[in-house]
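**Q** take a look and give me a structure for this.
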Amino acid sequence: MKNYSQISPIILLLILVNCFCTTPVTAGEPVITIHPEKPTWGQLLQVTYNTAADGAMFQSDNELRMTVWTIYADGWHQFEAYSMRRVGSTFVGAIPLKEPLCQIRVHFFNQFDVFDLENNIPHQLIYRPDGQPVRHADASLIDDAEPAAARKQFDKEIALYPDNYYAYYEWWGYVKQHNRAQYERVLVDDLKRIEQTLVGKPLDYQFIRVSAYLELHKEAKAREILLSMLQKAPEARFTWFASRLYRYKTYAQNITGAGPTAVNDAIVAAVRKHPTSPLARIGLADYLFHENFPSDVLRLIANAWLPDNPFHSLPHYALAIAAKRDGQMQKSYNAVRQAIDLTLTASQNFPQSFRASQQSHRLSGMYHLWAETALSMNKYAEALAAAKTSASLSKNESQGGAEELEGKAWSALNDTYDAERAFVAANLRHIDRGLEDLRQLYIRSHGSEKGFDTHIGELLTEALKGKLFPAPDFSMTTMNGDSYTTKQLRGKVVVLNFWYIGCGPCKAELPDLNRVVEAYQKNKDVLFFAVATNSQDDLTIFLKEHKFSYRVVPDAKGLHDLFDAYSHPTHVIIDRQGRVLWRTSGSITFDELNPMIERALTLVVEHSQP
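**A** Predicted coordinates for the structure are as follows:
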């Protein structure tokens, strides 16, 4: 046995470090390296995460993956995930670089869905063989640039690629966010400047004209250009981008009638002829939720897609929705179950935060459709489980549809007690949900409607007992300089609208919100606040063009975070006791919001959570 008392303390320390440190820290080496340093199209970008480097969060016994945000020069962005393989104390991954990719952003997470927030690749440009950035690479940095640097990035892009008109779209978006007062003037001046040197009518130029004319409230001009794109270049990605922008902006501006109808008809016609185009495949996620989009065209897109990628969930979901619209419930049932299985399988490579986002949107709808089809086929237990899953996934965004399906399943199983409670839960989400079903259950039990209104009030009160939580403690100041605190608002019904200027659905619902305010203008017990993330200056410009009767609160991102209002718009009603009585996400109508305020004024609920 060695006598360690005879060894130098420094040597002994080195021996102990060697014994107990399985991965020596390598001073001076970066945590993340890439090869090559200036990657080009056609290459595999090798990304290395060194767990032995100073500052690395992860250890060599972890399992690492990368999330990669890919940005393309033709308006397409995509979120991808890649595995990494362990090589000693490092992890190595490879990212294929395909034209027209112009930038990637990379983050690292382990098997526990923990991200290393300090070590990532925030902006990696793609380069030409001569070392210059590829088309749109510099422009892709504009959005995240500081004010002084944003214009330099734009000028640098135009110097390299004077015909990259899509760069103007990036620049205009930055101006709209940071210098709204000059926004329209910039649009007009830039269009004039481009036209002086323009050769031909390239698609990205047509796209930015559609964008600019929509922003300048010249829908007819934007429509004329878009219809030409749909006819002459239906398979171009910029055509899809322009059509999506048109539908979004006309919805936000409450434009209806012959114009939008003509565009929708042209989109359907183009997709019929080109079912594998970006207009068809990228647009499919939007078309699924348009009731007037033909079911045969949904099937056409899906059946053209499946031979290329049978494991993508979206075409299966499209087939399920199309079959349900056509009354083919067995086909819909089979297709939606396959879509759910594929969605769950595909999402396993992504972090939990991404999976949660996916589940709260598309998966919730899939389970809802599963519950509907199962219920129609008398598979009541199955419908019940699917409805419960849909409701749990939708969380605060639920409109009560899943809870209503749950009630129908309980009712079919002759469980009146649970059916009532499910229908009440649906009605608490949406004033029209579950009410008629509750009426029929009551008549079945009592022989008539006599006493039904009293019974409903008792059910609602009982359902809310012990489930209402106090609103978070907050204070806010409106654009007029009036300040409010939680304590001051006690005794009032407080209606909150969380929104921001660039939110299309937020703008689309303004007429209905103004009607609600007008209905309660003589009632001093109801206060309305529009809680915005935008600055006072930007809101002042916006409100000159858009009437909004709520009390507007500027610079209120902190309140959005406090109320977990990450979907926009989000509506919250706080009762007289300062408790959150109701909330929902998505645009809302007068007929949906007004009854909920009436309920807050009349319903008395005790025994709230402390």
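
**Q** where do the helices sit along the stretch 151-300 of the chain?
**A** Taking DSSP state H, counting those that start in this stretch as the criterion, the stretch 151-300 of the chain contains helices spanning 166-178, 183-197, 203-215, 219-232, 237-252, 258-273, 278-281, 284-287, 295-305.

**Q** report the buried residues of stretch 215-235.
**A** Of the residues in stretch 215-235, 215, 219, 222-223, 225-227, 229-230, 233-234 count as buried by neighbour count, 16 or more other C-beta atoms under 10 Å. All C-beta spots, glycine's among them, are computed from the backbone N, C-alpha and C.

**Q** returning to that earlier point: among the helices of the stretch 151-300 of the chain, show me which one is buried the most.
**A** Most buried of those by mean neighbour count (mean count of other C-beta atoms under 10 Å) is helix 278-281; its value is a mean of 24.

**Q** now do that helix: which elements does it pack against?
**A** Counting contacts by 3 or more C-beta pairs under 8 Å, 6 or more residues apart in numbering; DSSP states H and E, helix 278-281 packs against helix 237-252, helix 258-273, helix 295-305.

**Q** tell me who's in contact with residue 162.
**A** By C-beta atoms under 8 Å, 6 or more residues apart in numbering, residue 162 lies in contact with residue 197.

**Q** could you do the one 5 residues further on as well?
**A** For residue 167, the contacting residues are 136, 139, 142, 154, 157-158, 161, by C-beta under 8 Å, 6+ apart.

**Q** cool, and residue 490?
**A** By C-beta under 8 Å, 6+ apart, residue 490 lies in contact with 576-578.

**Q** list the buried residues for the helix or strand hosting residue 66?
**A** Assigned by DSSP states H and E, residue 66 belongs to strand 64-72. By 16+ other C-beta under 10 Å, the buried positions in strand 64-72 come out as 64-68, 70-72.

**Q** CSV for these, including pLDDT?
**A** Listed next are the buried residues of strand 64-72 as CSV, based on pLDDT from 0 to 100:
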residue, pLDDT
64, 95
65, 94
66, 94
67, 93
68, 95
70, 95
71, 95
72, 93
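
**Q** for the buried residues of stretch 215-235, which one is nearest residue 128?
**A** Distance to residue 128, by C-beta to C-beta, is smallest for residue 233 among the buried residues of stretch 215-235, at 25.9 Å.

**Q** ok, the closest one - contacts?
**A** Going by C-beta under 8 Å, 6+ apart, residue 233 touches 203, 239.

**Q** check what pLDDT it gets.
**A** What the model reports as pLDDT for residue 233 is 97.

**Q** next one: phi and psi at it?
**A** phi -140, psi 60 (degrees, to the nearest 10).

**Q** next one: residue 534
**A** Dihedral angles of residue 534 (phi, psi; degrees, to the nearest 10) stand at phi -80, psi 160.

**Q** how near is it to residue 381?
**A** 49 Å (C-beta to C-beta, to the nearest Å).

**Q** thinking again about what came up before, in TSV: the contacts of residue 167, plus distance to residue 307 and pLDDT.
**A** Below are these laid out as TSV (distance: C-beta to C-beta, whole Å; pLDDT from 0 to 100):
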residue	distance to residue 307	pLDDT
136	32	96
139	36	95
142	39	94
154	42	96
157	39	97
158	42	96
161	37	96
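
**Q** any chance of those residues in JSON lines with neighbour count and distance to residue 286 as columns?
**A** Formatted as JSON lines, these follow (neighbours: other C-beta atoms under 10 Å; distance: C-beta to C-beta, whole Å):
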{"residue": "136", "neighbour count": "27", "distance to residue 286": "24"}
{"residue": "139", "neighbour count": "27", "distance to residue 286": "26"}
{"residue": "142", "neighbour count": "22", "distance to residue 286": "26"}
{"residue": "154", "neighbour count": "22", "distance to residue 286": "30"}
{"residue": "157", "neighbour count": "25", "distance to residue 286": "29"}
{"residue": "158", "neighbour count": "17", "distance to residue 286": "32"}
{"residue": "161", "neighbour count": "20", "distance to residue 286": "30"}
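
**Q** closest one to residue 588 out of those, please.
**A** residue 142 (34.1 Å).

**Q** what sits against the closest one?
**A** Going by C-beta under 8 Å, 6+ apart, the list of residues near residue 142 reads 150, 153-154, 167, 170-171, 173-174.

**Q** do the same with residue 175
**A** Contacts here follow C-beta under 8 Å, 6+ apart; on that basis residue 175 touches 182-183, 186.

**Q** still on that earlier bit, quick one, which of the helices and strands packed on helix 278-281 is nearest to residue 520?
**A** Shortest distance between residue 520 and the helices and strands packed on helix 278-281, using C-beta to C-beta, is found for helix 237-252: 25.3 Å.

**Q** the closest one: how far from the chain's middle?
**A** 17 Å (C-alpha atoms, centre = their mean, to the nearest Å).

**Q** that one - contacts with which helices or strands?
**A** helix 203-215, helix 219-232, helix 258-273, helix 278-281, helix 504-508.

**Q** quick one: those helices as TSV, columns for distance to residue 558 too.
**A** As requested, the helices and strands packed on helix 237-252 are arranged in TSV below (distance: least, C-beta to C-beta, whole Å):
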stretch	distance to residue 558
helix 203-215	29
helix 219-232	36
helix 258-273	37
helix 278-281	39
helix 504-508	18
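
**Q** between these, which one is nearest to residue 94?
**A** Closest among the helices and strands packed on helix 237-252, using C-beta to C-beta: helix 278-281, at 25.9 Å.

**Q** circling back: include distance to residue 459 when you put the helices of the stretch 151-300 of the chain into a markdown table, please.
**A** Below are those laid out as a markdown table (distance: least, C-beta to C-beta, whole Å):
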| stretch | distance to residue 459 |
| --- | --- |
| helix 166-178 | 47 |
| helix 183-197 | 51 |
| helix 203-215 | 47 |
| helix 219-232 | 47 |
| helix 237-252 | 37 |
| helix 258-273 | 42 |
| helix 278-281 | 46 |
| helix 284-287 | 38 |
| helix 295-305 | 38 |
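
**Q** residue 407 is nearest to which of the ones you listed?
**A** Among these, the nearest to residue 407 by C-beta to C-beta is helix 295-305 (27.8 Å).

**Q** next, the angle from the closest one to helix 258-273.
**A** For helix 295-305 against helix 258-273, the angle by axes from the mean of the first three to the mean of the last three C-alpha atoms, to 10 degrees is 40 degrees.

**Q** run through who's touching the helix or strand following helix 295-305.
**A** Next helix or strand after helix 295-305 toward the C-terminus (DSSP H and E): helix 313-325. By C-beta under 8 Å, 6+ apart, the surrounding residues in contact with helix 313-325 are 284-285, 287-288, 295-296, 298-299, 301-303, 305-306, 309, 329, 331-333, 335-336, 338-340, 342-343, 346, 362, 366, 369, 372-373.
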